[in-house]
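**Q** I would like to see how this sequence folds:
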Amino acid sequence: MTNPHAIPRSAPARAAESLYQRHRRFRSARSRKRIDRVVFAPERIRQAELDRIAQLVGPDATNPDELRPLLEMLVAARFSQKHVRTVGDWITALQIGLALVGVRPGHRVAMSSYTDFSHVVAVWRLGAIPCFVDIDDANLQVDPQALRLRFRTRDGGPIHCLLLHHLGGSPAGVAAAAAIAREHEAAVVEVVWGTMPPRYGNRPAGSVGDVVCINSRPEGSPNRRSIAFVGTDDDRLAERLAEWLADPASDDWPTAARQFGASFDPDTRRPDPLAVTRTVIQLENDDARLPRRQEIAATYNAAFSGFPELGVPREQASDVHTWNLYPLQLNCNRLPVSRKAFRAALEARGVETRTHYLPAHTHPALRIVTGEDDPCPVARRTFAREVSLPIHDQMTDEHAAFVVQAVVDVVCRASLRPETLDVP
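**A** Numbering: from 1, shown residues only. From the prediction side, this is the model:
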């Protein structure tokens, strides 16, 4: 029987009640194990890794410098590259990769604005001009239509190279972007963070570019010592790479780079021995670490895909995503709290988050160089609502459930009564 004194419920009230019921279901499924905090990236080194380091660098072990050829061979096999060389500095590796394909002062390099700023610094130090391309908000990679428009727009001269970043370990859209660059006779340099390459179909990352630059430290991981790699299938480029690493005064690239303040001293060409050792261990463990990250990503996707307030990363069934990052998108039209308040509420519940990436085109100095005020509005809007959740191999199922519970709690409270969020 209907209560005649009941207050009529509006559509927003019914939606809020639906959110509350979903929130209760998540609460009932919460793990019994008590967890107080989940960090964004593990700061500690596991004991097994410490023991392996001691074994590799101990008094009876092989000299770490002698491990470099083995390391290069392992990375070459993993990325299906004929030639791979180690470089001790990440920005130097990027500069070498760009210079190998012919980028010189005054040349234009197309690149996503939604990327790590070190990529922009490498272009800048070569005296080249970054030409920013907007992203597809579905996969956060370069938008093919925006890229075609960039190549067709000849203001400032032709584009000589496309710098492709596998953001967060995602292969989405990279092959299509590389094909567009080939149509316009531009070189392609791929950028991969981490030693486990994403895959598009049966091809690993690095197989669509002329050169691949690899940072052994995955995105979002602690800033421990890492080394970089430059790989190519081109024998001619490999010979030039060997010459540059053997003698930094050879050819014209170091001279052009020094004019713009780039460093190319022997210290940047000789990787740190401990970094070499840790990278060997990382390569040994990558096959076991990737499934764990994929399981956590699947848990997040299943939990958050039913919430219209949240947007989960998209992936194609034929691709292999390595999940260096898990970029969650907030639907600002449905979630009545700011990203700052959302992150603060998660922090209060013991979940550490980060944001990726501040669009490079918003840097005041780069606006002067490019002469454009806002060439990438989608990247700017995406950054304003992106929150990166913890995802790493040291997380257990209980940690993943803890993160899901915290996110769901914040979304439900914000949708019902935003003022009740316990933000410090």
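**Q** low-scoring stretches of the stretch 101-250 of the chain, by residue?
**A** Low-confidence segments of the stretch 101-250 of the chain, defined by pLDDT under 70: 154, 220-225, 247-250.
**Q** now do the strands in it.
**A** Using DSSP state E, counting those that start in this stretch, the strands assigned to the stretch 101-250 of the chain run over residues 108-112, 129-133, 159-165, 187-193, 199-200, 203-204, 211-215, 228-232.
**Q** can I get these in a markdown table with mean neighbour count and distance to Thr279?
**A** Bear in mind the C-beta positions are built from the backbone N, C-alpha and C, glycine included. Below are those laid out as a markdown table (neighbours: other Cβ atoms under 10 Å; distance: least, Cβ to Cβ, whole Å):
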| stretch | mean neighbour count | distance to Thr279 |
| --- | --- | --- |
| strand 108-112 | 26 | 26 |
| strand 129-133 | 25 | 29 |
| strand 159-165 | 26 | 20 |
| strand 187-193 | 26 | 13 |
| strand 199-200 | 20 | 20 |
| strand 203-204 | 18 | 17 |
| strand 211-215 | 27 | 10 |
| strand 228-232 | 26 | 9 |
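**Q** dump the ones you listed to TSV, plus distance to Ala41.
**A** TSV is the format used below for these (distance: least, Cβ to Cβ, whole Å):
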stretch	distance to Ala41
strand 108-112	23
strand 129-133	28
strand 159-165	19
strand 187-193	13
strand 199-200	23
strand 203-204	24
strand 211-215	15
strand 228-232	19
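**Q** what's the closest of these to Pro377?
**A** strand 129-133 (11.3 Å; Cβ to Cβ).
**Q** got a list of contacts for that closest one?
**A** 106-113, 120, 123-124, 142-143, 146-147, 150, 156, 159, 359-361, 366, 369-370, 372, 375-376, 379 (Cβ atoms under 8 Å, 6 or more residues apart in numbering).
**Q** on that earlier part again, Asn331 is nearest to which of the strands of the stretch 101-250 of the chain?
**A** Across the strands of the stretch 101-250 of the chain, closest to Asn331 is strand 108-112 (Cβ to Cβ), at 22.6 Å.
**Q** show me what the host helix or strand of Glu295 is packed against.
**A** For Glu295, the element it lies in under DSSP states H and E is helix 273-304. When contacts are defined as 3 or more Cβ pairs under 8 Å, 6 or more residues apart in numbering; DSSP states H and E, helix 273-304 packs onto helix 47-57, helix 64-78, strand 326-330, helix 397-416.
**Q** the last one versus strand 326-330: what angle between them?
**A** Angle between the axes of helix 397-416 and strand 326-330 is 10 degrees (criterion: axes from the mean of the first three to the mean of the last three Cα atoms, to 10 degrees).
**Q** now do the buried residues in helix 397-416.
**A** 399-416 (16 or more other Cβ atoms under 10 Å).
**Q** how far off centre is it?
**A** 24 Å (Cα atoms, centre = their mean, to the nearest Å).
**Q** and that helix, what other elements does it pack with?
**A** Counting by 3+ Cβ pairs under 8 Å, 6+ apart, helix 397-416 packs on helix 11-28, helix 273-304, helix 339-348.
**Q** quick check: buried residues in the last one?
**A** Applying a neighbour-count criterion of 16+ other Cβ under 10 Å, one finds 339, 341-346 buried in helix 339-348.
**Q** show me which of the contacts of strand 129-133 are buried.
**A** Among the contacts of strand 129-133, the ones that count as buried by 16+ other Cβ under 10 Å are 107-113, 120, 123-124, 142-143, 146-147, 150, 159, 359-361, 366, 370, 375-376, 379.
**Q** that older thread, and which of the buried residues of helix 339-348 is nearest Gly173?
**A** Arg339 (24.6 Å).
**Q** so the closest one sits against Leu328, correct?
**A** No: counting by Cβ atoms under 8 Å, Arg339 stays clear of Leu328, with 10.3 Å between them.
**Q** give the residues shared as contacts by these two.
**A** 386-387.
**Q** residues contacting the residue lying closest to Ala181 once chain neighbours are set aside?
**A** Nearest residue to Ala181, sequence neighbours excluded (Cβ to Cβ, 6 or more residues apart in numbering): Leu162, at 4.0 Å. Leu162 makes contact with 109-111, 147, 177-178, 180-181, 186-189, according to Cβ under 8 Å, 6+ apart.
**Q** equivalent analysis for Leu98, please.
**A** Residues in contact with Leu98 (Cβ under 8 Å, 6+ apart) are 109, 122-123, 126, 128, 161, 163, 189.
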